[in-house]
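J.: everything below, folded, please.
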Amino acid sequence: MRRLLPHPFLTPALAVIWLLLVNRATPGQVLLGLALGWAIPLFTLRFWPETARMGRPLTLLRFVATVLYDIIVANLMVARLILGRPERLRPVFVVVPLALTSDLAISLLANAICLTPGTVSARLAPDRRHLLVHALDAADPEQLAAALKRRYEAPLREVFEPC
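T.: As a prediction, the model looks like this:
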């Protein structure tokens, strides 16, 4: 079964992404999305350095909801900051220590930070223990690092690196 469906959670995710890209849910597009969702993981299996193991899929859904919510709120905040007084911005670089060890989890963390307007993952330390993050406006850099760890890193650790 593992040979025919190497990443069972990735297949439906890719199918949904396909349907969002084509903006149609016709039977043909659904079948094509499922075929792509099955074929892409199957043909790229040898390029995956490690097998993704998910401990808690519901926690992953909560993480996705948190990121989507943060994207919406951050868009409004960045618009207010830019349209208001840009000279009051407090840009800062923050070093976020990482407890994650999985390459996939670190990649998801860095991408979630980049997807949220006003923040960007700038550099991952060579030893993968720190992530440099740039924030457009942050009054307290330590509070920002703590929020990123609590809202993003903790659920990813729970999902991909169960104790």
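J.: buried residues in the helix or strand where R62 lies?
T.: Using DSSP states H and E, R62 sits in helix 57-83. For helix 57-83, a neighbour-count test (16 or more other C-beta atoms under 10 Å) marks T59, L60, F63, V67, D70, A74, V78, L81 as buried. No exception for glycine: its C-beta is placed from N, CA and C like everyone else's.
J.: what's the closest of the residues you listed to T11?
T.: T11 lies nearest to L60 out of the buried residues of helix 57-83, by C-beta to C-beta, at 15.0 Å.
J.: any figure for the gap between that closest one and P27?
T.: 28 Å (C-beta to C-beta, to the nearest Å).
J.: domain assignment for this structure?
T.: 10-47, 57-160 (automatic domain parsing).
J.: quote the end-to-end distance of the shortest one.
T.: By that I understand domain 10-47. Domain 10-47 has its terminal residues 15 Å apart, counting by C-alpha to C-alpha, to the nearest Å.
J.: quick one: buried residues of stretch 5-14?
T.: For stretch 5-14, using 16+ other C-beta under 10 Å, the buried residues are P6, H7, L10, T11, L14.
J.: how about a markdown table for those residues, with secondary structure and pLDDT added?
T.: A markdown table is the format used below for those (DSSP: H, G, I helix; E, B strand; the rest coil; pLDDT from 0 to 100):
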| residue | secondary structure | pLDDT |
| --- | --- | --- |
| P6 | coil | 72 |
| H7 | coil | 72 |
| L10 | helix | 79 |
| T11 | helix | 85 |
| L14 | helix | 88 |
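J.: dump those residues to TSV, plus distance to L45.
T.: Below are the buried residues of stretch 5-14 laid out as TSV (distance: C-beta to C-beta, whole Å):
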residue	distance to L45
P6	5
H7	8
L10	11
T11	12
L14	14
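J.: how about the secondary structure of S121?
T.: Taken by DSSP: H, G, I helix; E, B strand; the rest coil, the conformation at S121 corresponds to strand.
J.: low-confidence ranges in the protein?
T.: Residues of the chain meeting the criterion pLDDT under 70: 1-3, 49-54, 162-163.
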